[in-house]
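Visitor: can't give you the sequence, but here's the structure:
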């Protein structure tokens, strides 16, 4: 692809570029939500769009239920809204609209209702924003039928997945981790997975995992920012003689199970790393999906999981970094996997 | 704006159709649900029979539906509730497919996957939801789309006085008022949110009073009368269509059946239903049209006969239709196509 212009872009700009190019391509695309207008989003997820499309980038009141419900009504009536809720935590305010209305209309209508809408919000902790502004929660959306769930780990995917999300005729929950955005006010994990963002519009297909690092000893599956942490861990594990394969499913729904199965068939060891709650979430889901395929997979060690283990996110930095899986936790878990054995 | 003769006759005939539909479903609903056909020890089996599940009937609320929908074109939308048959019929939802949906058949509007609380007819822009207050914000989004796309259409949310105590009501009306959207909010006061009456659930005497919080007119219709609803909604629709923004209406209606079929209604004062039936809005309207010479005994019989035949045909269509194939359970979670 030598003819493609390659530029380095922070994730938030890649995401915005995806929205902007779709707005240019399709007049039905609008943005609505909390602070998406002149401010460009608290996390700059709509930066500059209001200036270009003043009639199509709409600040709303802080009314999460109205935003989500209106997104449904607008999507059912000819628009393709991108509805922004700032923090994923706020989905709790309007989860009825997401779970009972947006997720179910297509099914309950036997396919007659089409809801091309994208819900965007930030996820994740690491900034002492405490229990109500630091959650990840992507597993909640993945649990509910009828919602596609997207969680990019790098700028290239952020743009391509955004364009795919806007073009999809289904409700898509697009979640971006605050510590990957590249904003000047939020620290970030210093690792590059793919910062090369072509200027042209392109799509990244849903349900197709990215192999972030090739390896042979242990498979590490992460989502969003834990992909970045897993990539750093893999690089450090390599120095310790452990070859880790890092897989980024990129979309939780649909989930590329086969990519994970193929990797674990090769390595025989699985570590799932998530910043969402450990209990009853994606780590358990992926473990179960692999557990159900043990007639095709020979595990060398029991499956291991890292996540936020049954507590809310604490405020104090001394506690927050303990609760949220860090690179060191991933390294330690991988090392323990290498010495544990199945019976 | 007073209704024309044609409009009055349409409202009367549609009221007859709605009433006959609800009364017919009330009878069909209990097929197979009562002893000795059900599991021993049960008094009533909600999931049994040809119409499974809960059933919320709108008999007594016809005025609100016909008085509103008389002003609506096909392109306009109605966003309803768990008790929405009256609006569905008045908006022109395909009665055969609606009935088949209620019977859980594959020929239904949702191929048997939605049921009576979740009716979607995209051809006439009708949808309803089983969550109280859930549909109000949808109307706001639809109205936003109409405004942005310049379609000139109007979105109507119909709901009960109980739903006006939901947060979704507040958020949706604020947004509609703020953006001056072509919405009409038709709150039907049937005095009951399930079992709790308005006096025990709602801090204001009239939901229409709440309009002042949202920068829109509030209009109260205190009689269960299609002509009065017609006038009030007519102004609201005209206002919405001309770009002057939304209106909130509270319309008095009666709930002649329980919250759901089989509801023992122990919470209702003794004799309440009987007294409501004595001043039945449909009978009163028929009497008015007769007194005005618009309807005779003979034409009333003919109109009721047409309604009966239409309902019987819809129920027959539903009964004769097939249940969905097992594989259908796993289809339509998502749209396949990507635009």
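Guide: Arrived safely, thanks for sending. Computed from a prediction, not measured in an experiment: that's the story for all the values here.
Visitor: how is the residue lying closest to residue B:69 once chain neighbours are set aside assigned, secondary-structure-wise?
Guide: Excluding the flanking residues, the one nearest residue B:69 by CB to CB, 6 or more residues apart in numbering or on different chains is residue B:90, at 3.7 Å. Every C-beta, even on glycine, is put in place using the N, C-alpha and C of the backbone. The three-state label given to residue B:90 by DSSP: H, G, I helix; E, B strand; the rest coil is helix.
Visitor: swap in residue B:184?
Guide: strand.
Visitor: if we can go back for a sec, so the residue nearest to residue B:69 makes contact with residue B:14?
Guide: Yes: under the criterion of CB atoms under 8 Å, residue B:90 makes contact with residue B:14 at 5.4 Å.
Visitor: identify the contacts common to the two.
Guide: Applying CB atoms under 8 Å, 6 or more residues apart in numbering or on different chains, one finds that residue B:90 and residue B:14 are jointly contacted by B:62, B:65-66, B:69.
Visitor: wait, what's in contact with the residue nearest the centre of chain B?
Guide: The centre of chain B sits closest to residue B:84, judged by CA atoms, centre = their mean, with a distance of 2.8 Å. Shown in contact with residue B:84 (CB under 8 Å, 6+ apart): B:58, B:117, B:119, B:128, B:158.
Visitor: between those residues, which sits nearest residue A:112?
Guide: Distance to residue A:112, by CB to CB, is smallest for residue B:119 among the contacts of residue B:84, at 10.5 Å.
Visitor: need the per-residue pLDDT for that closest one.
Guide: On the pLDDT scale, residue B:119 is placed at 98.
Visitor: how about it, what does it touch?
Guide: With CB under 8 Å, 6+ apart, residue B:119 has these contacts: B:80, B:84, B:88, B:93, B:98, B:101, B:109-110, B:126-128.
Visitor: any idea which of the residues you listed is closest to residue A:272?
Guide: Nearest to residue A:272 among those, with distances taken as CB to CB, is residue B:110, at 36.7 Å.
Visitor: what's the most distant pair in the contacts of residue B:84?
Guide: Longest span within these, CB to CB: B:117 and B:158, 13.8 Å.
Visitor: which one of these two has more residues nearby?
Guide: Looking at residue B:117 and residue B:158 with other CB atoms under 10 Å in any protein chain shown, you find the greater number of neighbours at residue B:158, namely 32 against 20.
Visitor: quick one on the thing from earlier: hey, what's in contact with both of residue B:117 and residue B:158?
Guide: With CB under 8 Å, 6+ apart, residue B:117 and residue B:158 have common neighbours B:81, B:84.
Visitor: re earlier: who has more neighbours out of residue B:90 and residue B:14?
Guide: Between residue B:90 and residue B:14, residue B:90 has the larger neighbour count (other CB under 10 Å), namely 26 against 22.
Visitor: Provide a list of residues in contact with the more buried one.
Guide: B:14, B:18, B:62, B:65-66, B:68-70.
Visitor: model confidence score at it, please.
Guide: 98.
Visitor: residue B:100 too?
Guide: Residue B:100 carries a pLDDT value of 98.
Visitor: distance of it relative to residue B:33?
Guide: Note on residue B:100: its distance to residue B:33, by CB to CB, to the nearest Å, is 19 Å.
Visitor: more neighbours: which of these two?
Guide: Higher neighbour count among residue B:100 and residue B:33: residue B:100, with 26 against 21, using other CB under 10 Å.
Visitor: and the more buried one, what does it touch?
Guide: Applying CB under 8 Å, 6+ apart, we find residue B:100 in contact with B:106-109, B:112, B:317-318, B:321.
Visitor: so can I have TSV of the contacts of residue B:119 showing secondary structure?
Guide: What follows is the contacts of residue B:119, written out as TSV (three-state DSSP):
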residue	secondary structure
B:80	strand
B:84	coil
B:88	helix
B:93	coil
B:98	helix
B:101	helix
B:109	coil
B:110	coil
B:126	strand
B:127	strand
B:128	strand
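Visitor: how about those in TSV, adding distance to residue A:35?
Guide: As requested, the contacts of residue B:119 are exported to TSV (distance: CB to CB, whole Å):
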residue	distance to residue A:35
B:80	33
B:84	36
B:88	38
B:93	39
B:98	42
B:101	41
B:109	39
B:110	37
B:126	34
B:127	30
B:128	33
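Visitor: in chain A, which residue is closest to the centre?
Guide: Central residue of chain A (CA atoms, centre = their mean): residue A:151, at 1.3 Å.
Visitor: ok, it touching residue A:250?
Guide: Yes: the criterion here is CB under 8 Å, and residue A:151 meets it with residue A:250 at 7.2 Å.
Visitor: chain A contacts on the stretch 1-150 of chain B?
Guide: B:77, B:79, B:108-115, B:118, B:120-122, B:125, B:127, B:129-131, B:134-146, B:148-149 (CB under 8 Å from any CB of the partner chain).
Visitor: tell me how many other residues crowd residue B:264.
Guide: 10.
Visitor: just the strands in the stretch 101-250 of chain A please.
Guide: In the stretch 101-250 of chain A, the strands defined using DSSP state E, counting those that start in this stretch lie at A:118-123, A:148-150, A:172-177, A:210-213, A:218-222, A:244-248.
Visitor: what lines up beside whichever helix or strand comes after the last one in the sheet?
Guide: Once strand A:244-248 ends, the next helix or strand along the chain (criterion: DSSP states H and E) is strand A:251-253. Here strand A:251-253 is paired, per DSSP bridges, with strand A:148-150 (antiparallel).
Visitor: got a list of contacts for the partner strand?
Guide: With CB under 8 Å, 6+ apart as the criterion, strand A:148-150 contacts A:138, A:141-142, A:161, A:164-165, A:168, A:170-175, A:206, A:250-254, B:334.
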